[in-house]
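**Student:** here's a sequence, model it:
(one chain, ligands or ions: 1)
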Amino acid sequence: MKVLIVFAHPEPRSLSGALRDVAVKALEAQGHGVRVSDLYAQSWKSEVDRADFPSLPSDARLAPAAASKQAFEAGTLTADVKSEIEKLLWADVLILQFPLWWFSMPAILKGWVDRVFAYGFAYGVGEHSDKRWGDRYGEGTLAGKRAMLIVTAGGWQEHYSARGINGPIDDLLFPINHGILYYPGYDVLPPFVVYKSDKLDEVAFAAIAARLHERMSTLATTSPIAYRRQNGDDYLIPSMQLRSGLGDPGLSGFALHVGRAGTRHDEPDILRSATEISAAIA
Ligand code: FAD
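**Tutor:** Reported below is the predicted structural model:
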């Protein structure tokens with residue numbers, strides 16, 4: 001398999017940097033091709049502005065979506081964006097790795113999405129009719145590929161549980177998993193989340209590294225989150241409402257859009273024995 005890791009942390013010697021190295025090593029040891037987009041190292045430009053559309057006349061009003069569509073179709077997107085699109089088309093698996101900052105991704109990574117997921121590439125794809133509403137949510141340019149998140153969070157796992165004050169982690173990550181990754185077609189794997197990440201000693205790091213190593217060895221076989229497909233029979237078109245009768249009557253919000261009764265994907269918070277850890281990373 002070919003795996004692209006988009007890495008968003010300003011410090012290579014960080015915990016995030018160490019986990020990225022674990023992931024790359026594990027993937028390469030299995031014979032996978034790995035490429036890393038290290039956004040801070042690349043000095044990635046995160047804001048969408050006129051400089052993204054050099055072919056736009058200087059007196060024309062900038063309409064970002066229309067300009068993105070025109071530039072994608074004409075092949076005039078900037079070289080940095082084209083390079084990332086080429087990597088996305090190359091990769092069978094996309095991994096976004098970041099520390100949770102203000103309950104979301106760092107701005108540099110959001111800016112990568114804003115600029116790279118161009119109109120005509122990641123959205124605005126496919127036909128609209130009374131049966132289909134474009135190719136999105138399980139269909140689209142990136143369909144057939146897999147994606148997952150590797151996230152470090154300062155908060156505890158309990159803080160992100162179903163009744164935790166921060167809100168459930170699946171809900172917080174829903175706009176990324178469903179809105180950014182599933183939208184252009186990826187099958188989205190359950191996230192790898194490290195909790196209490198500000199206070200990790202070497203034993204805890206070894207246990208987490210072993211879990212990550214294991215996740216890297218099951219990228220092809222892990223079941224994706226069972227998000228409902230837009231163009232199946234689950235939604236009314238064009239209102240895009242989930243049909244009545246679907247979804248557990250007790251569910252509301254994001255969980256409604258996951259089949260199989262809103263399965264949650266919290267990772268077990270288990271420190272393994274030293275023997276298990278060594279076996280997994282050997
Ligand atoms: P680092 O700071 O690099 O390291 C964390 C710990 O891991 C250190 O104690 C380090 O010694 C240890 N460690 C153990 N082994 C290793 C190793 N091999 N290599 C490197 N380090 C190791 N948290 C939330 O839960 N929710 C939020 O909304 C949130 N918002 C934030 C907003 C901002 C702007 C910031 C700066 C932080 C926020 N945090 C939040 C906390 C943040 O998620 C964590 O600080 C971050 O995920 C920790 O990851 P890191 O890679 O930066 O860790």
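
**Student:** all helices for the stretch 1-150 of the chain, in order.
**Tutor:** 15-29, 64-74, 79-90, 107-116 (DSSP state H, counting those that start in this stretch).

**Student:** adding mean neighbour count, write the ones you listed out as CSV.
**Tutor:** Where you see a C-beta, it was placed from the backbone N, CA and C, and this is true even at glycine. Shown next, in CSV, are the helices of the stretch 1-150 of the chain (neighbours: other CB atoms under 10 Å):
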stretch, mean neighbour count
helix 15-29, 18
helix 64-74, 17
helix 79-90, 16
helix 107-116, 19
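
**Student:** out of the ones you listed, nearest to Gln241?
**Tutor:** Ranking these by their distance to Gln241 (criterion: CB to CB) puts helix 64-74 first, at 24.4 Å.

**Student:** and that closest one with helix 79-90, angle?
**Tutor:** 70 degrees (axes from the mean of the first three to the mean of the last three CA atoms, to 10 degrees).

**Student:** quick one: helix 64-74 to helix 107-116, angle?
**Tutor:** Computed by the same axes, to 10 degrees, the angle between helix 64-74 and helix 107-116 is 60 degrees.

**Student:** how far off centre is helix 64-74?
**Tutor:** 23 Å (CA atoms, centre = their mean, to the nearest Å).

**Student:** quick one: low-confidence residue ranges for this protein.
**Tutor:** 260-282 (pLDDT under 70).

**Student:** near the ligand, which residues of it?
**Tutor:** Within the chain, the positions lying close to the ligand (CB under 6 Å from any ligand atom) are 9, 14-16, 18, 99-103, 152-155, 197-200, 202, 205.

**Student:** how about stretch 197-204: buried residues?
**Tutor:** Buried residues in stretch 197-204, defined by neighbour count with 16 or more other CB atoms under 10 Å: Ser197, Leu200.

**Student:** so what touches that stretch?
**Tutor:** By CB atoms under 8 Å, 6 or more residues apart in numbering, the surrounding residues in contact with stretch 197-204 are Leu15, Pro99, Thr152, Ala153, Gly154, Val194, Ile208, Leu271.
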